[in-house]
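K.L.:
Structure for the following, please:
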Amino acid sequence: MAEIIYLDKNNVNIVIEKVCNALRESSVIITPTDTVYGFLAPYGNQLLENRIREIKIRDEKPFIYLIDSVDAMIKNSLTDIPEQILKTLPVPVTFIVESSLSFLEDRSIALRYPADGFL
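P.N.:
Got it, this is the predicted structure:
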């Protein structure tokens, strides 16, 4: 059953706990991001990725991966990203890079570092 949760400064920890529990139970999370609404799933969770594709009626087009730091951008990318670009993060830009994630069939990946700390 769907649950709508409103995030505010007074319930951040409760919302984080509910989201983490839902993801552990393989539930789909829908949340606003810095530009659009997005579906959330942990890296490599094929069950949730398939469920999201089913909900969105989406083909095999790759997903955008949200990251939480410049270090995550560097860790997940084999592409050398110039320091002057890394210094601008977070910004509402998606980077298409060569992935260091071994579970991906396609070696390219879309990484986005949103300014919203919750994401």
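
K.L.:
which residue ranges form the helices in this protein?
P.N.:
Secondary structure of the chain (DSSP state H): helices at 12-24, 46-56, 70-75, 83-86.

K.L.:
list the buried ones in the last one?
P.N.:
For helix 83-86, a neighbour-count test (16 or more other C-beta atoms under 10 Å) marks nothing as buried. (C-beta placed from N, C-alpha, C; glycine too.)

K.L.:
now do the third one
P.N.:
Residues 70, 73 are the ones in helix 70-75 that count as buried (16+ other C-beta under 10 Å).

K.L.:
Report the contact partners of residue 34.
P.N.:
Under the criterion of C-beta atoms under 8 Å, 6 or more residues apart in numbering, the neighbours of residue 34 are 92, 112, 114, 115, 116, 119.

K.L.:
So what sits opposite the residue nearest the centre of the chain in the bridge?
P.N.:
The structure's the chain has its C-alpha centroid closest to residue 66; by C-alpha atoms, centre = their mean the separation is 2.9 Å. Beta bridges link residue 66 to residue 112, judged by DSSP bridges.

K.L.:
and if you look at residue 96?
P.N.:
residue 110.

K.L.:
What is the burial count for residue 27?
P.N.:
16 (other C-beta atoms under 10 Å).
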